[in-house]
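Novice: this one's structure only:
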């Protein structure tokens, strides 16, 4: 009798364990940036918040530094279900849909307040587009303002002629063309090596990217043009989200809202701390000379005109909503 009772207890325990195992859902979250980058730190906190709020029902594993998928592959991976959730840089996908590129238009949104105002205007359009593709938007966080890294001092855009310029989006490649530089496609995970080996000599990017890549070891100048603040967007596969119970879905949305607020604050901190790291490493952090500023604003005007012609009524609607 005792043995039968013991066997029944063991069986009940195994069933309970099996039910718990079945109830637990595991998601993979590919990200393109190093584990120490503030975006990735924020992703890990987002995952931890969901784990706690769902009582362990949803476990999200963050895969940093393009270790699971490269940056341009992440959106398709989430859409196709190879990853349930992922973080993308919106400007990477401008060739697919013009509105994705609004973040990369020089001198359209040049402050954190502007970046979030632009996101409020973008979000309904982005959500509609993602819904058509079987996905959802969870939250967006801006990078710090973009400046120009250069191995040599710059006084105007003419000094960029012929220089090897790191491009990571259609807009940054077009900027290179307009100033006469040579665009070279380099993903974030490869920036340090590209500058160390002379594959590239200049780029427009944030202080955070430079600090991640220890660019003070290879580059001596950063000009604070505050040209734009591109945003990372966390997206989720709609079918994977719909498969969650209501309480877990609510936990995901609450964690996403918290991550957006926290990420903005962390971006502002990273802007200060990363520039301090670069400065301490010997890089000169400089205001752009007047001629360089004027030249780059002309480039910005050209990009906006070109973008509006391609983005069509949706693009004009977005710019009008942003400028209200």
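Specialist: Nice, I can see it. Just so you know, these numbers come straight off a predicted model, no measurement behind them.
Novice: which parts of the one helix or strand residue 184 maps to are buried?
Specialist: Residue 184 is part of strand 182-185 when elements are defined by DSSP states H and E. Buried residues in strand 182-185, defined by neighbour count with 16 or more other CB atoms under 10 Å: 182, 183, 184. Backbone N, C-alpha and C define where each C-beta goes, glycine included.
Novice: Report all helices and strands that that strand contacts.
Specialist: Judged by 3 or more CB pairs under 8 Å, 6 or more residues apart in numbering; DSSP states H and E, strand 182-185 is in contact with strand 164-167, helix 170-179.
Novice: Let me have the ones you listed in CSV, extended by mean pLDDT and mean neighbour count.
Specialist: Below are these laid out as CSV (pLDDT from 0 to 100; neighbours: other CB atoms under 10 Å):
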stretch, mean pLDDT, mean neighbour count
strand 164-167, 97, 23
helix 170-179, 94, 20
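Novice: could the ones you listed be laid out in a markdown table, adding distance to residue 233?
Specialist: Putting the helices and strands packed on strand 182-185 into a markdown table (distance: least, CB to CB, whole Å) gives the following:
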| stretch | distance to residue 233 |
| --- | --- |
| strand 164-167 | 20 |
| helix 170-179 | 16 |
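Novice: Out of those, the one nearest residue 74 is which?
Specialist: helix 170-179 (16.9 Å; CB to CB).
Novice: in stretch 221-228, what counts as buried?
Specialist: For stretch 221-228, the neighbour count (16+ other CB under 10 Å) marks 221, 222, 223, 225, 226, 227, 228 as buried.
Novice: again with stretch 97-104
Specialist: Going by 16+ other CB under 10 Å, stretch 97-104 has these buried residues: 98, 99, 100, 101, 102, 103, 104.
Novice: My understanding was that the fifth one contacts residue 315; is that so?
Specialist: Just to be clear, that refers to residue 102. Yes: contact criterion CB atoms under 8 Å: residue 102 and residue 315 qualify, at 7.4 Å.
Novice: intersection of neighbour lists for these two?
Specialist: Counting by CB atoms under 8 Å, 6 or more residues apart in numbering, the common neighbours of residue 102 and residue 315 are residue 307.
Novice: gap between the two ends of stretch 137-152?
Specialist: Taking CA to CA, to the nearest Å, stretch 137-152 runs 40 Å from one end to the other.
Novice: Now for residue 134, how many residues are close by?
Specialist: Neighbours of residue 134 under the rule other CB atoms under 10 Å: 14.
Novice: ok, which stretches of the stretch 201-324 of the chain are strands?
Specialist: Shown for the stretch 201-324 of the chain, the strands assigned by DSSP state E, counting those that start in this stretch span residues 202-206, 221-223, 231-237, 284-286.
Novice: Let me see the contact set for the closest residue to residue 145 other than its chain neighbours.
Specialist: With CB to CB, 6 or more residues apart in numbering as the criterion, residue 145 has its nearest non-adjacent residue at 4.1 Å, and that residue is residue 226. Residue 226 sits next to 110, 111, 145, 146, 147 when contact means CB under 8 Å, 6+ apart.
Novice: in this structure, which residue is closest to the centre?
Specialist: Residue closest to the mean C-alpha point of the chain, counted by CA atoms, centre = their mean, is residue 232 at 2.5 Å.
Novice: For that one, give me its contacts.
Specialist: Residue 232 is in contact with 39, 87, 88, 89, 90, 140, 141, 143, counting by CB under 8 Å, 6+ apart.
Novice: could those residues go into JSON lines alongside neighbour count and pLDDT?
Specialist: Shown next, in JSON lines, are the contacts of residue 232 (neighbours: other CB atoms under 10 Å; pLDDT from 0 to 100):
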{"residue": "39", "neighbour count": "25", "pLDDT": "98"}
{"residue": "87", "neighbour count": "28", "pLDDT": "98"}
{"residue": "88", "neighbour count": "25", "pLDDT": "98"}
{"residue": "89", "neighbour count": "25", "pLDDT": "97"}
{"residue": "90", "neighbour count": "25", "pLDDT": "97"}
{"residue": "140", "neighbour count": "26", "pLDDT": "98"}
{"residue": "141", "neighbour count": "26", "pLDDT": "98"}
{"residue": "143", "neighbour count": "25", "pLDDT": "96"}
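Novice: picking that back up, identify all residues paired with the residue nearest to the centre of the chain through a beta bridge.
Specialist: residue 89, residue 141 (DSSP bridges).
Novice: any idea how far residue 111 is from it?
Specialist: According to CB to CB, to the nearest Å, residue 232 stands 18 Å off from residue 111.
Novice: go on, residue 321?
Specialist: Taking CB to CB, one finds residue 321 at 17 Å from residue 111.
Novice: So those two - more neighbours on which side?
Specialist: More crowded of residue 321 and residue 111, by other CB under 10 Å: residue 321, with 15 against 12.
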